[in-house]
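Peer 1: Quick check, what structure comes out for this input:
(chains A and B)
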Amino acid sequence: MADRYCMHNQLMNDFIDESFEGIRAPFTAGFELTAKCNLNCVHCYAKPDRVHQDFTLEEFKAVFDILTERGLLDCYFTGGEIFTRPDFEDMFIYAKKKGVQISLLSNITLLSQKHIDLFKEYPVEIISTSMYGYSEESYEKVTGVKGSFRKFMNGLELLQKNDIKYELKFVAMEQNIDDLYKVREFGNQLGVPMVVILDVHPMSDGSMEPVSFRLTPEDAFEFDVQDNGRNQFWKDVARELLSGEIELRPQRTIQRFREGYLYPCSIANQHVFITSDLKMQGCVRASYRKFDLRKGGFDEGWEYLQKEFLEKKSSSNYKCNSCENIRFCEHCVANFMLAYGDEEKVDPFFCRVAELRRAFVEDEIKRLAKKE
Amino acid sequence: MRQNPDLILREIYGKNILMPIRFNEASNDPIYFNEVGALIWKLSDKAKNVTELLNLVCETYNLKIDSAEAVAVEGFIDQLIESKLIMM
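Peer 2: Just a heads-up that it's a prediction; the model follows:
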């Protein structure tokens, strides 16, 4: 697909791809430690989940034990805000002692020296944090909490000063679009990896409110060509297509679509997501079909996810199945389901962005071919 | 002899990966072990010294102590000690 949501753990992902191809097991996982949060971001997909009864430490340990027995190597903790959990440290240390790589997704407004001391003893793979705006005004327009920008910057300083690995994310919306390039430059100056999210997702209950803040496809594509990193990424894709290093449609996608399956990604195949109320999902976005681990065992849930996602076939009308723009697209069946209640109803935003990207790449291919 | 307690061996579908737990001097990145490497790691807690460990490995693979393979194993044990993955 077009890009990764987070850039961390590429080496471990590659190792899993190479070593465990064809093996269905939860080598990677996401854990929503809590849906509760100290911020109130306008675009947050997890807001509806704040009423969850969060899993206890003992419940977490029990699930984590099973997952490590089944092969878990790499996971991330997310929320809500993970540092609102008073037992965060207990969970983190427990997971580290099991020999699992852990990344953290956090707004870092609650990050303190005690966390830094913890990460110095038990290293975190990376902390992924969103910078919602370059200024206090734009940042807090998104978070809805006065004083949050200052706390975020303090958190950033703590990470930077103590050499804790982190990446910056920027979720591009109407509210903060003017800050996109400033934040990008800020990240470049700090020398940290950056991920830009151009497609805000629906909420976990299907509410489209966050999507109303989304950029237009043209604005999203504009970033692809203006940003040095993204521009180079697409030029590299052009070069690799020209040389035959990659094909127009990624291998796994071709195979999955050829066999008539709806989901071409690794949902419920080598990945699982555990919600804060102990439901098992194929991935973080696929909240519409989940298995309650408080009512049944892991294996039963894993089998359920296989039937509901891995084995689910598409209809012959499914537009994406024959689409030649798939390499340029960040389409997600789960997002379509959340947005429209129909897994096969494609969001035209993705189609348009993919068209624009493909045209850019084709122009680059022509330019390279002429040069040769 | 003992394994460095700041790392743990994960055995997953035939692959052996040494994963770091705490920050340590030996390795803070995962290390992929082949079968022999994993065996040496596992046996190191049972041996008092290098000779004993070498003997245990040779017994497992039916190697003569003066064979080229045994020399290679001894070299690898020394590397593990030098890198502090195994401790005396």
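
Peer 1: Check which helices and strands the helix or strand where residue A:150 lies is in contact with.
Peer 2: Secondary structure from DSSP states H and E places residue A:150 in helix A:148-161. Judged by 3 or more CB pairs under 8 Å, 6 or more residues apart in numbering or on different chains; DSSP states H and E, the packing partners of helix A:148-161 are helix A:113-121, strand A:126-130, helix A:136-143. Glycine gets a C-beta too; all of them are placed from N, C-alpha and C.

Peer 1: Could you rerun that using 6 Å?
Peer 2: Packing partners of helix A:148-161 (3 or more CB pairs under 6 Å, 6 or more residues apart in numbering or on different chains; DSSP states H and E): helix A:136-143.

Peer 1: What residues sit buried inside the helix it packs on?
Peer 2: A:138, A:139, A:140, A:141, A:142, A:143 (16 or more other CB atoms under 10 Å in any protein chain shown).

Peer 1: And the strands in the chain?
Peer 2: This is for chain A. Secondary structure of chain A by DSSP state E: the strands cover A:28-32, A:74-78, A:101-105, A:126-130, A:166-171, A:194-197, A:271-274, A:279-281, A:291-292.

Peer 1: looking at chain B here, not the other one
Peer 2: Going by DSSP E, chain B shows strands at B:2-3, B:7-12, B:15-20, B:31-33, B:86-87.

Peer 1: Relative to residue A:193, tell me which of the ones you listed wins on proximity.
Peer 2: Nearest to residue A:193, of all those, is strand B:15-20, at 20.9 Å by CB to CB.

Peer 1: Flag every buried residue along that closest one.
Peer 2: Going by neighbour count (16+ other CB under 10 Å), the buried part of strand B:15-20 is B:15, B:16, B:17, B:18, B:19, B:20.

Peer 1: how about the residues of chain B that lie near chain A?
Peer 2: Residues of chain B found near chain A (CB under 6 Å from any CB of the partner chain) are B:8, B:10, B:12, B:13, B:15, B:19, B:21, B:22, B:23, B:28.

Peer 1: and the fifth one, what are its bridge partners?
Peer 2: Counting by DSSP bridges, residue B:15 is bridged to residue B:12.

Peer 1: As JSON lines, the strands of chain B with mean pLDDT and distance to residue A:362 would be great.
Peer 2: Shown next, in JSON lines, are the strands of chain B (pLDDT from 0 to 100; distance: least, CB to CB, whole Å):
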{"stretch": "strand B:2-3", "mean pLDDT": "94", "distance to residue A:362": "55"}
{"stretch": "strand B:7-12", "mean pLDDT": "96", "distance to residue A:362": "42"}
{"stretch": "strand B:15-20", "mean pLDDT": "94", "distance to residue A:362": "41"}
{"stretch": "strand B:31-33", "mean pLDDT": "92", "distance to residue A:362": "40"}
{"stretch": "strand B:86-87", "mean pLDDT": "92", "distance to residue A:362": "55"}
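
Peer 1: can you redo these as TSV with distance to residue B:43?
Peer 2: Converted to TSV, the strands of chain B look like this (distance: least, CB to CB, whole Å):
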stretch	distance to residue B:43
strand B:2-3	10
strand B:7-12	12
strand B:15-20	13
strand B:31-33	13
strand B:86-87	10
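
Peer 1: Between those strands, which one is closest to residue A:313.
Peer 2: Comparing those under CB to CB, the one sitting nearest is strand B:7-12, at 30.4 Å.

Peer 1: Just list what that closest one packs against, helices and strands only.
Peer 2: If you count contacts as 3+ CB pairs under 6 Å, 6+ apart, strand B:7-12 packs onto strand B:15-20.

Peer 1: From the contact counts, what lies against the strand it packs on?
Peer 2: strand B:7-12, strand B:31-33.

Peer 1: for those strands, which one ends up most surrounded?
Peer 2: strand B:7-12 (a mean of 18; mean count of other CB atoms under 10 Å in any protein chain shown).

Peer 1: What lies in contact with stretch B:33-46?
Peer 2: Stretch B:33-46 has contacts (CB atoms under 6 Å, 6 or more residues apart in numbering or on different chains) with B:1, B:2, B:3, B:9, B:16, B:18, B:53, B:56, B:86.

Peer 1: doesn't residue B:80 make contact with the last one?
Peer 2: Yes: Residue B:86 is within contact range of residue B:80, at 4.4 Å (criterion: CB atoms under 6 Å).

Peer 1: Which residues are in contact with each of those two?
Peer 2: Shared contacts of residue B:86 and residue B:80 (CB under 6 Å, 6+ apart): none.

Peer 1: Helices of the chain, start to end?
Peer 2: By default, I'm working from chain A. Using DSSP state H, the helices of chain A run over A:10-19, A:57-69, A:88-97, A:113-121, A:136-143, A:148-161, A:180-190, A:217-226, A:228-243, A:251-258, A:298-305, A:333-340, A:348-371.

Peer 1: To clarify, I was referring to chain B.
Peer 2: B:35-43, B:50-61, B:68-82.

Peer 1: Identify the residue spatially nearest to residue A:241, adjacent ones excluded.
Peer 2: residue A:365 (6.2 Å; CB to CB, 6 or more residues apart in numbering or on different chains).

Peer 1: Can you tell me how far the one you found is from residue A:322?
Peer 2: Distance, residue A:365 to residue A:322, by CB to CB, to the nearest Å: 22 Å.

Peer 1: For the stretch 51-200 of chain A, what lies in contact range of chain B?
Peer 2: A:71, A:96, A:97, A:99, A:121, A:122, A:123.

Peer 1: I'd guessed the second one sits against residue B:21; true?
Peer 2: Put plainly, it is residue A:96. Yes: in this structure, residue A:96 is within contact of residue B:21 by CB under 6 Å, at 5.3 Å.

Peer 1: The residue in the stretch 201-350 of chain A that chain B sits nearest to - how many residues pack around it?
Peer 2: With CB to the nearest CB as the measure, residue A:270 is the residue of the stretch 201-350 of chain A nearest to chain B, at 11.3 Å. The criterion is other CB atoms under 10 Å in any protein chain shown. On that basis, residue A:270 has 20 neighbouring residues.

Peer 1: and what of residue A:20?
Peer 2: 18.

Peer 1: distance of it from chain B?
Peer 2: Going from residue A:20 to chain B by CB to the nearest CB, to the nearest Å gives 6 Å.

Peer 1: how much space between that residue and residue B:12?
Peer 2: Using CB to CB, one gets 8 Å for the distance from residue A:20 to residue B:12.

Peer 1: what's the answer for residue A:201, then?
Peer 2: With CB to CB as the criterion, residue A:201 and residue B:12 are 32 Å apart.

Peer 1: likewise residue A:147?
Peer 2: The gap separating residue A:147 from residue B:12 is 45 Å, by CB to CB.

Peer 1: show me the contacts for residue A:94.
Peer 2: residue A:61.

Peer 1: Kindly apply the preceding question to residue A:83 instead.
Peer 2: Per CB under 6 Å, 6+ apart, neighbours of residue A:83: residue A:110.

Peer 1: Just give the nearest non-adjacent residue to residue A:368, would you?
Peer 2: Take residue A:368 and drop its neighbours on the chain: the residue closest to it by CB to CB, 6+ apart is residue A:242, 5.5 Å away.
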